[in-house]
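Okay, structure incoming, though there's no sequence with it:
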DNA sequence: GTCTATACAAAGATAGAC
DNA sequence: GTCTATCTTTGTATAGAC
């Protein structure tokens, strides 16, 4: 991966997170980087190639972050989840960004097949990791048993993705924070009186 | 509103819910209706006009449904919310559809200003109605007080929107059902042992 | 109200010089 | 690796006949 290819991916990721995939053209990317469209086609022959590469990099980055957060046995499960929320909160702060795959999910059936597969893999691995974490919390007596780990993981992933999208569209700044607070109220064992 | 204009809106709504807005062209709509592009421009001069009209109609339809479900004092709050979930479950069943505004949220900053305003209004009114319903559930002792009605409403709206998107992209059929079950476990007072 | 025809811009993509 | 130049298709939109 050359430095230029990486900068192209940076711009492409940023544009998808703000504008979606179909609304982006090679010209938009070229304008930002001050190069020509042909240069971008040299690194990524087709738009599908470029889109797939962006998602692959994004998946790898988040997976590495998740694995790093997981290791420490002494950390409470909610603390680990709070680390996990980090990127989501950053996107929300930048006011115009959502999760890369959350943006792509809205136009999923119109995406090239390779990109569809990458997006599906992203959601599957996010859900699997969350389920594992929530099972940990239940095992350690930190979380309530009111729903299964699988159900809670699906709820959490859906709520986070939805919150980014609704917050950006609605313009209400605190929505994502409220949603994480609501999830905590759902999961965490109330202190015994 | 003529019959033809209505059929154009039907097709446009269907296409947005499956493919998103930017990926749609007048040609796509014309193909489905077996008319020419020019005919569609007669009814809706610009794509922004067409997009705004679709959202307005969608908002009105859902609001009417919500108001109808609300009236009955004897109905339990969770029953009312189950009615509210109806359209979401239908979209999920059709396997390729998400909420109209959920699809549009992914490309929000690239939408025409009029459409942005409509999408924002949709989310605001959905959230307000949900907050009112959840407050009713808390008042009547049907729901736990673990989170405020406002926080729970935001969680519920985000989770439903996200669930449709994640389910379609991930291909896991039961996700939306799991999410509504998880929300119920969050909200409803556990029966006293 | 729907058609044919057309204008005009932008899209994705490639060839070949440097 | 990046450029200029070009090809081809598609996009939104309008004019004017029927």
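Looks like it came in fine. Not measured: the values here are computed from a predicted model. Numbers count the residues shown, from 1 in each chain, chains lettered A, B, ... in the order given.

Tell me the buried residues in the helix or strand hosting residue A:115?
Assigned by DSSP states H and E, residue A:115 belongs to helix A:113-139. Buried positions in helix A:113-139, judged by neighbour count with 16 or more other CB atoms under 10 Å in any protein chain shown: A:114-116, A:118-123, A:126-127, A:129-131, A:133-138. In short, each C-beta sits where N, CA and C put it, glycine included.

Kindly report the same for stretch A:16-34.
By 16+ other CB under 10 Å, the buried positions in stretch A:16-34 come out as A:16-24, A:26, A:29-30.

before we move on, what about stretch A:163-178?
Under the neighbour-count criterion of 16+ other CB under 10 Å, stretch A:163-178 has A:163-170, A:172, A:175-178 buried.

Which pair in the residues you listed has the greatest spatial separation?
Using CB to CB, the pair of the buried residues of stretch A:163-178 lying farthest apart is A:169 and A:177, separated by 16.6 Å.

now the angle between helix B:149-170 and the host helix or strand of residue A:155, please.
According to DSSP H and E, residue A:155 maps onto helix A:149-170. Between helix A:149-170 and helix B:149-170, the angle comes out at 110 degrees (axes from the mean of the first three to the mean of the last three CA atoms, to 10 degrees).

Show me what helix A:149-170 is packed against.
helix A:77-93, helix A:100-105, helix A:113-139, helix A:175-187, helix B:100-105, helix B:113-139, helix B:149-170, helix B:175-187 (3 or more CB pairs under 8 Å, 6 or more residues apart in numbering or on different chains; DSSP states H and E).

Which other helices and strands does the third one contact?
In this structure, helix A:113-139 makes packing contacts with helix A:47-70, helix A:77-93, helix A:100-105, helix A:149-170, helix B:149-170, judged by 3+ CB pairs under 8 Å, 6+ apart.

just those: most buried one?
Of all these, helix A:100-105 has the most neighbours on average by mean count of other CB atoms under 10 Å in any protein chain shown, namely a mean of 28.

anything in that helix sitting right up against chain B?
Yes. Contact of helix A:100-105 with chain B (CB under 8 Å from any CB of the partner chain) involves A:101-105.

can I get the residues you listed in JSON lines with pLDDT?
Converted to JSON lines, those look like this (pLDDT from 0 to 100):
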{"residue": "A:101", "pLDDT": "98"}
{"residue": "A:102", "pLDDT": "98"}
{"residue": "A:103", "pLDDT": "98"}
{"residue": "A:104", "pLDDT": "99"}
{"residue": "A:105", "pLDDT": "98"}
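
coming back round to it: what's the spacing between the helix holding residue A:115 and its chain's center?
Distance of helix A:113-139 from its chain centroid, counting by CA atoms, centre = their mean, to the nearest Å, is 11 Å.

what angle sits between that helix and helix A:175-187?
With the same axes, to 10 degrees as the basis, helix A:113-139 and helix A:175-187 are set at 40 degrees to each other.

pLDDT of helix A:113-139, averaged?
In this model, helix A:113-139 has an average pLDDT of 98.

Give me the residue at the spatial middle of chain A.
What sits nearest the mean C-alpha location of chain A, by CA atoms, centre = their mean, is residue A:99, with 4.1 Å.

can I assume that residue is in contact with residue A:164?
Yes. When contacts are counted by CB atoms under 8 Å, residue A:99 is listed as touching residue A:164 (5.8 Å).

Could you tell me which residues touch both of those two?
Counting by CB atoms under 8 Å, 6 or more residues apart in numbering or on different chains, the common neighbours of residue A:99 and residue A:164 are A:88, A:91.

what does the helix or strand where residue A:6 lies contact?
Assigned by DSSP H and E, residue A:6 belongs to helix A:3-19. Applying CB under 8 Å, 6+ apart, the external contacts of helix A:3-19 come out as A:24, A:28-29, A:32-33, A:39-40, A:43-44, A:50-51, A:53-54, A:57-58, A:91, A:96-100, A:103-104, B:107, B:109-110.

DNA strand D next: which of these are close?
Filtering the contacts of helix A:3-19 for neighbours of DNA strand D using CB under 7 Å from any atom of the strand leaves A:39, A:43.

what sits against the residue nearest to residue A:154 when sequence neighbours are not counted?
Nearest non-adjacent residue to residue A:154, counting by CB to CB, 6 or more residues apart in numbering or on different chains: residue B:178, 4.7 Å away. By CB under 8 Å, 6+ apart, the contact set of residue B:178 is A:150-151, A:154-155.
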